[in-house]
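Asker: this is a predicted model, with the sequence first.
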Amino acid sequence: MTYQQQTQTRYGHCDSYFVESHDDGIYAARAEARERARAIARMQQRALAEELSRMTSEEYQEDIMEHMEHMESQTIPDVNSIDIQTEIQWFMRPYLLDFLVEAHAAFQLLPETLFLAVNLLDRYCSRRVVYKRHYQLVGCAALLIAAKYGDRKDRVPTVRELKSMCCSLYDDEMFTQMEWHVLQTLNWIIGHPTVDAFLQLALSEVAYDPEVEHMTLYIAEIALFHKEFVSTRPSILARSALALARCILSRTQAKTSDWAGAYDPQTVMSLSNHLYQPSGVLSRKYSSMHLSNVSTTVDEFLQHQAQIARRQAAPPTPPATVVLEEQKTTSEAYLGPSTPQKSHYGAVMQHGCLTPPITPENEQFGHGNMAKPQALPHMYPSTPTPDHPSNVQHQAQYYQNSYLHPQRT
C-alpha cells in the first residue's frame with residue numbers, strides 16, 4: 001500500500017499531502033483566550049489607575065490650584081512692555097494670530113497648545129525687541145515649543161513644515177536659533193497654566209457638555225486677538241468665558257459658592273462686546289460640526305439680541321387726539337395777534353449737554369443798542385475726531401501686503 005493510500009485510509013480523501021492536525025485548533029483557541037485575558041487585565045489596570053488618579057487629584061486639589069494660580073501670576077505678559085516696541089504694533093497681532101490658528105488647526109494640535117504658544121509669544125515680546133520681519137518667526141518658534149511641551153509627539157510640526165507655511169522666508173537654522181533664544185529669554189519656564197487647563201477643572205465639577213466646552217474655547221480664542229485681555233489671568237478668563245457661554249446657550253450657571261461660579265462680571269461684559277466682529281479664520285474654524293458649530297450659534301444669538309434691542313428702543317406712537325389738538329392750535333394761531341409763548345423746545349444742545357436758552361438783558365431792549373449775545377463758555381471738551389477709516393485701512397492693507405507677501409533680500 002502506497003503512502004497516499006495509507007493517508008486516505010487514515011484521514012479520508014485529501015488532494016494534498018499536508019494534513020492539518022486537530023491539535024493546531026486547540027492551540028489557536030488557547031492563544032486567543034490568553035490574549036483576551038490580557039486585554040481584560042489591561043482594561044482593569046487602566047480603570048484602577050484612573051480611579052487612583054481621581055482619588056489623588058481630589059486629595060491634592062487645593063495644592064494643585066494653589067500652584068497653578070502661583071504659576072499664572074509668574075507667567076503673565078506685560079502689556080506696557082509690548083507697547084514700547086519699536087516696530088511691531090498691535091494692529092499686526094491679528095494677522096499673526098490668524099496664521100497661528102490656521103497652523104494649529106492644520107497640525108490638529110490640542111487647544112492648550114494654542115493658548116500656550118500665544119503666551120510664549122507675548123512673554124518674549126515683553127522682554128525682547130522684535131523686528132517686524134522676525135515677528136512671524138517668533139510665533140512659529142512659540143508654536144513649536146508649545147507643541148513639544150504638551151502635545152502628542154506624532155503631531156509636533158517639523159521645521160520643514162513650518163518653513164513651507166512661511167513660504168521659505170526663513171532658513172532651517174533660523175527656526176532652531178529662534179527656538180533656543182525664546183527659551184533662553186524665558187529662563188526655560190514654559191509651565192504656564194492655560195485657559196484650557198482651568199476650563200477643564202471647572203467642567204469637571206458638572207456633567208460633560210461638549211457644546212459648552214466648544215463655546216467657551218471659541219470665546220477665549222476671540223479674547224486672544226485683543227490687547228485688553230493679554231494681561232488677564234487665565235483663571236479669571238476661563239470662568240468668565242464659561243459664564244458667557246452658558247448664558248448664550250441658556251445653560252444653568254454655576255453656584256456662586258463653587259470655584260467655577262466666581263467669575264468677573266466686568267470681564268464677561270468685555271468679552272461680550274468683542275463677539276460681534278470675530279476673526280474670519282476663527283469663525284470658519286468653529287463653524288465645523290465637530291466643534292458644535294458654535295460660531296453660527298453666536299451669530300444667531302447676537303441677531304436675536306439686536307432684534308430685542310430695536311423693539312425696546314422704538315418710540316411709542318402718539319395718540320391721535322394729541323395730533324388733532326396740535327393741528328387745531330396751529331390753525332388758530334393765524335386768526336389774530338397773540339402773545340408770543342416760549343418755545344417748548346427752547347433748550348439747545350451745547351457740546352453734548354442740555355443748555356437753557358439765553359434770556360436777554362435789560363439793555364438789549366434799547367433802540368439801536370442791541371448787544372450781541374455772549375457765547376457760552378466751553379464747559380466740555382470736544383470729542384477728538386478719529387482717524388479717517390481709509391487711513392487705518394490703508395495701514396492695515398500695507399502691513400498685510402508686506403507681512404504676508406514679503407520680498408526676500
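Answerer: That came through, no problem. Numbers count the residues shown, from 1 in each chain.

Asker: rest of the way, CA atoms for contacts and neighbours
Answerer: Will do.

Asker: show me what the helix or strand hosting Val281 is packed up against.
Answerer: Element membership of Val281, judged by DSSP states H and E, is helix 280-285. Packing contacts for helix 280-285, counted by 3 or more CA pairs under 8 Å, 6 or more residues apart in numbering; DSSP states H and E, involve helix 93-106, helix 210-223.

Asker: now the strands for the stretch 1-150 of the chain?
Answerer: With DSSP state E, counting those that start in this stretch, there are no strands along the stretch 1-150 of the chain.

Asker: kindly report the same for the stretch 201-350 of the chain.
Answerer: Under DSSP E, counting those that start in this stretch, the stretch 201-350 of the chain gives strands at 348-350.

Asker: which intervals of it have sub-threshold pLDDT?
Answerer: Within the stretch 201-350 of the chain, the segments meeting pLDDT under 70 span 314-350.

Asker: closest to Val230 out of the helices and strands packed on helix 280-285?
Answerer: helix 210-223 (8.2 Å; CA to CA).

Asker: got the angle for the closest one vs helix 93-106?
Answerer: 140 degrees (axes from the mean of the first three to the mean of the last three CA atoms, to 10 degrees).

Asker: now helix 210-223 - C-alpha only, PDB.
Answerer: What follows is helix 210-223 as a C-alpha-only set of coordinates in PDB (Å, rounded to 0.1, in the frame of the first residue of the first chain):
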ATOM      1  CA  PRO A 210     -19.300  69.400  24.600                       C
ATOM      2  CA  GLU A 211     -21.200  72.400  23.300                       C
ATOM      3  CA  VAL A 212     -20.500  74.400  26.400                       C
ATOM      4  CA  GLU A 213     -16.800  73.500  26.200                       C
ATOM      5  CA  HIS A 214     -16.500  74.400  22.500                       C
ATOM      6  CA  MET A 215     -18.400  77.700  23.100                       C
ATOM      7  CA  THR A 216     -16.000  78.600  25.900                       C
ATOM      8  CA  LEU A 217     -13.000  77.900  23.800                       C
ATOM      9  CA  TYR A 218     -14.400  80.000  21.000                       C
ATOM     10  CA  ILE A 219     -14.900  83.000  23.300                       C
ATOM     11  CA  ALA A 220     -11.500  82.500  24.900                       C
ATOM     12  CA  GLU A 221      -9.800  82.400  21.500                       C
ATOM     13  CA  ILE A 222     -11.600  85.600  20.500                       C
ATOM     14  CA  ALA A 223     -10.000  87.200  23.500                       C
END
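
Asker: now for it, which elements pack on it?
Answerer: helix 195-203, helix 234-248, helix 280-285, helix 294-313.

Asker: so which of these is the most surrounded?
Answerer: helix 234-248 (a mean of 24; mean count of other CA atoms under 10 Å).

Asker: got the angle for that helix vs helix 294-313?
Answerer: 70 degrees.

Asker: hey, where'd the helices end up in the stretch 51-200 of the chain?
Answerer: Remark: helices assigned in the stretch 51-200 of the chain by DSSP state H, counting those that start in this stretch are 61-74, 79-83, 93-106, 111-127, 135-150, 159-165, 172-185, 195-203.

Asker: just put the ones you listed in a markdown table and tack on distance to Val230.
Answerer: Shown next, in a markdown table, are the helices of the stretch 51-200 of the chain (distance: least, CA to CA, whole Å):
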| stretch | distance to Val230 |
| --- | --- |
| helix 61-74 | 12 |
| helix 79-83 | 7 |
| helix 93-106 | 12 |
| helix 111-127 | 8 |
| helix 135-150 | 15 |
| helix 159-165 | 25 |
| helix 172-185 | 18 |
| helix 195-203 | 12 |
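
Asker: quick one: closest of these to Asn293.
Answerer: Comparing the helices of the stretch 51-200 of the chain under CA to CA, the one sitting nearest is helix 93-106, at 15.4 Å.

Asker: go ahead and flag the most central residue of the chain.
Answerer: Residue closest to the mean C-alpha point of the chain, counted by CA atoms, centre = their mean, is Glu221 at 1.6 Å.

Asker: got CSV for the helices and strands packed on helix 210-223, with distance to Arg133 too?
Answerer: Formatted as CSV, these follow (distance: least, CA to CA, whole Å):
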stretch, distance to Arg133
helix 195-203, 29
helix 234-248, 29
helix 280-285, 22
helix 294-313, 33
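
Asker: Gln108 is nearest to which of those helices?
Answerer: From those, taking CA to CA, the stretch that ends up closest is helix 280-285, at 11.7 Å.

Asker: ok, back up a step: out of the helices of the stretch 51-200 of the chain, which gets nearest to Arg251?
Answerer: helix 195-203 (13.0 Å).

Asker: what packs against the closest one?
Answerer: Going by 3+ CA pairs under 8 Å, 6+ apart, helix 195-203 lies up against helix 111-127, helix 210-223, helix 234-248.
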